[in-house]
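In: Only the shape, not the letters, is given here:
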């Protein structure tokens, strides 16, 4: 278990979900004759002018608005993603420039498959908790790619979540503690300069996703002396609808505890944003005193768990920027042809 | 590659930073270099549609984005600017519709070129 | 100031001249303009061209056209003011002759657009707008005219169909011009039912960009009287500019440079809009002609479009417009348009316009715009 010497918490949060969706049945129509089950109902699709940087900027702006701090007060702007638009040239500098944080700020891009965003969050806890920084903005964002026809294509989605870490006394939710569990696991990877990842099918479940999440979550609850029933809400990384439901049940959480943070059925797997977006959706409705248990997962692989407690500040602060529900509500469905055009699946040159 | 050309506009393009005259309170966008009595000023990003069209014959570099909506937007602080409208359909747009600024990818200058980011506008989200 | 005359004019067909160079087009137009005048008497060659450099067709077109037209060694220079280039160049020739420095200057408008494909051409044309604050956003001139049209319709309560008489009139006149790109009539119904090019602009309310060259010879009184042909005098000349970016103007529906240059040209000629019997404007779309008519003072604001609806712009109306087909039917030759305008008006003032002749035309006005009027050049021509 890790705990900073100074108590820290979330001061502001912001989300971004693109307007466009493709139904999983539409993908299945192309590749499977519409037969068989699908892992989600729909997934979000970034518009042709969107990427990890643009989504991070919007989520970051909302986090700043909710926190009520100025961009210049941020000591770090960190972007976790597996779909940074440049291989070499940081997303963070562009995001920081757009937020108005430059030039006196630390920026960096983080990569750890789907838990790059929570890596940045943990590091931000360290920065603020050590007294090095007052405020750190940790963002998880992705425009994930799946090979056409692959199981991942049904779920690989786009979204962003930004968490502004600051002193606990200013927080809308304090972070009690965290722990990280990692183990070299080749469940899912993408070699440098390849467009699409490969994955180990059932190997991605046990021992990867389920095993790592169980280890991290159990360890943190044990060390804190808590049990699942002590939490109002729980949210897990959500590569599809079933995985977070299953791991929640394995750990002893009820469907009611995970319902509010479970966005995957409607928007798919937003990768680095997934667990954090679920947390933000919980912030949208949580009451002061509520407790939240968060567990991320990143292939390769590892898991970060966090225990949070919501404060009185939530009620007023969540009104300062669009709620997750507003982004979910503006859905516009596109067909596979438009999706293929926008996602660069057509040969143009 | 036109790197400097895009780099020097980053504050205005990414975050709609214009200038304000501290004496008169006047706000202008785009910023004009070289005059010290005007100070950097971040515009709110709120505005209304002055007029708009759908571009169906795009210039080079925007073939994949077309058709797209181009608009002249009257900003809340007074200046008018030209920008694309995004995340909406032409049927949703009318003159005087309130819109808000978002930062999006304006141009992809090719596999060995820059990604150019900048302001677009969309109908207010909530 | 010496009086200045147009003593010769010539033009190529406006077309897709796949097999021709800019130089060859210019040479044909110059030959047609010279008539009995010996070529070696030309003391300077001023070239109007908007896209040679932008489309990588040719830079230093002054020297290039001098070589191509057999004027080796002559003073020659090209000017770019986008669609206003032709008028801007005429003004330079006018100043050179009026000052007494030169007696004979050739004004050559030439554009060669079919050497590149459409997307690159749109890109080149968009350079007439503000590269940093308009073109980067995917703005094109067509899109900007379309936005002005929508705003005009909103502000004054018109429909898109109200603008159709402009292209209908242009095509009716173009049908009589053997040099025009389109020599067939169209109907308002066809304009209405054609697809949108940039909503609410109809495909048939949009000019087609094409290749062509036009030449006028600008001369002093001495040379003009030598020839003894009907004399066309440049009675007024003015160039004005406006904010490069359309959004940077206090009222985008007001073409301020067009207004100032028209007032300047008419003022220096000692004439008013009521004296003008035939005119040429930058009219790639009905909205462009509408706003120019209002800026020049031929109509009050908000009623320019009615001049077309009421038939005033036809050959027998009060303000005959686009008698050679205008940008729409003659074809849009961008930087050369201003010189094509002068060729047409010279024909009118000499009574040589055939089926498109405006009876008794003695005073003509030519105005060309760069982009959406960031540059405007206006000239008043008088038959003597």
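Out: Looks like it arrived, so ask away. Predicted model only: the values in this text are computed from it and were never measured.

In: Please give me every residue in contact with the closest residue in space to residue C:28 that isn't next to it in sequence.
Out: Spatially, and ignoring its direct neighbours in sequence, residue C:28 is nearest to residue C:12 (5.0 Å; Cβ to Cβ, 6 or more residues apart in numbering or on different chains). (C-beta placed from N, C-alpha, C; glycine too.) Residues near residue C:12 by Cβ atoms under 8 Å, 6 or more residues apart in numbering or on different chains: C:25, C:28-29, C:179, C:212-214.

In: And residue C:214, by the same measure?
Out: When contacts are counted by Cβ under 8 Å, 6+ apart, residue C:214 touches C:9-12, C:29, C:86, C:108-110, C:333, C:336, C:339-340, C:342-343.

In: So which of those sit within strands?
Out: C:9-11, C:108-110 (DSSP state E).

In: pLDDT value on residue 87, please?
Out: Assuming you mean chain A. Looking at residue A:87, its pLDDT reads 94.

In: was after chain C, sorry
Out: Residue C:87 carries a pLDDT value of 98.

In: so how many other residues sit close to it?
Out: Neighbour count of residue C:87, defined by other Cβ atoms under 10 Å in any protein chain shown: 34.

In: Is it correct that residue A:342 is in contact with residue A:44?
Out: No. At 11.9 Å, residue A:342 and residue A:44 do not qualify as touching, with contact defined as Cβ atoms under 8 Å.

In: residues shared between the contacts of these two?
Out: In contact with both residue A:342 and residue A:44: residue A:20, using Cβ under 8 Å, 6+ apart.

In: Between these two, tell me which one has more neighbours.
Out: Neighbours per residue (other Cβ under 10 Å) separate residue A:342 from residue A:44, with residue A:44 holding more: 29 against 20.

In: how about the more buried one, phi and psi?
Out: Dihedral angles of residue A:44 (phi, psi; degrees, to the nearest 10) stand at phi -80, psi 150.

In: what pLDDT does it get?
Out: Turning to residue A:44, the model gives it a pLDDT of 98.

In: swap in the one 4 residues further on?
Out: In the predicted model, residue A:48 carries a pLDDT score of 95.

In: How many residues are close by it?
Out: By the criterion of other Cβ under 10 Å, residue A:48 has 21 neighbours.

In: end-to-end on stretch A:148-164?
Out: Distance between the boundary residues of stretch A:148-164 (Cα to Cα, to the nearest Å) amounts to 36 Å.

In: now the helices for chain C?
Out: Here chain C has its helices, by DSSP state H, at C:22-34, C:61-68, C:85-98, C:118-126, C:141-156, C:165-174, C:188-193, C:221-227, C:256-269, C:286-296, C:304-309, C:326-329, C:337-349.

In: could you measure the residue nearest to residue C:28 against residue A:346, distance?
Out: According to Cβ to Cβ, to the nearest Å, residue C:12 stands 41 Å off from residue A:346.

In: right, is stretch A:283-303 up against chain B?
Out: No. Stretch A:283-303 lies apart from chain B when judged by Cβ under 8 Å from any Cβ of the partner chain; the minimum separation is 11.8 Å.

In: Show me what the mean pLDDT comes to for that stretch.
Out: The average pLDDT within stretch A:283-303 is 97.

In: I'd like to know which elements the helix or strand hosting residue A:214 is packed against.
Out: Counting by DSSP states H and E, the element that carries residue A:214 is helix A:210-224. When contacts are defined as 3 or more Cβ pairs under 8 Å, 6 or more residues apart in numbering or on different chains; DSSP states H and E, helix A:210-224 sits against strand A:173-182, helix A:242-251, strand A:291-295, strand A:302-310.

In: Just put these in TSV and tack on mean neighbour count.
Out: Putting those into TSV (neighbours: other Cβ atoms under 10 Å in any protein chain shown) gives the following:
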stretch	mean neighbour count
strand A:173-182	21
helix A:242-251	20
strand A:291-295	26
strand A:302-310	26
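
In: any idea which residue sits dead centre in chain A?
Out: residue A:273 (2.0 Å; Cα atoms, centre = their mean).

In: Shouldn't that one be within a helix?
Out: Yes. Applying DSSP: H, G, I helix; E, B strand; the rest coil, one finds residue A:273 inside a helix.

In: Let me see the contact set for it.
Out: Residues near residue A:273 by Cβ under 8 Å, 6+ apart: A:15, A:55, A:117, A:140-142, A:159-161.

In: Then residue A:343?
Out: Residue A:343 makes contact with A:45-46, A:145, according to Cβ under 8 Å, 6+ apart.

In: Check residue A:255 too.
Out: Counted by Cβ under 8 Å, 6+ apart, residue A:255 has contacts A:245, A:248-249.

In: so which of the helices of chain C gets nearest residue A:310?
Out: Counting by Cβ to Cβ, residue A:310 lies closest to helix C:141-156 out of these; the figure is 48.0 Å.

In: Does the closest one reach chain B?
Out: Yes. Helix C:141-156 reaches chain B (Cβ under 8 Å from any Cβ) through C:142-143, C:146-148, C:150-151, C:154.

In: Let me know the angle separating that helix from helix C:286-296.
Out: 70 degrees (axes from the mean of the first three to the mean of the last three Cα atoms, to 10 degrees).

In: tell me what helix C:141-156 is packed against?
Out: Against helix C:141-156 (3+ Cβ pairs under 8 Å, 6+ apart) you get strand B:46-55, strand B:68-75, strand C:196-198, strand C:201-202, helix C:286-296.

In: would CSV of the ones you listed with mean pLDDT, distance to chain A and mean neighbour count be doable?
Out: Output for the helices and strands packed on helix C:141-156, formatted as CSV (pLDDT from 0 to 100; distance: least, Cβ to the nearest Cβ, whole Å; neighbours: other Cβ atoms under 10 Å in any protein chain shown):
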stretch, mean pLDDT, distance to chain A, mean neighbour count
strand B:46-55, 98, 13, 23
strand B:68-75, 98, 9, 24
strand C:196-198, 94, 19, 22
strand C:201-202, 96, 24, 26
helix C:286-296, 98, 28, 28
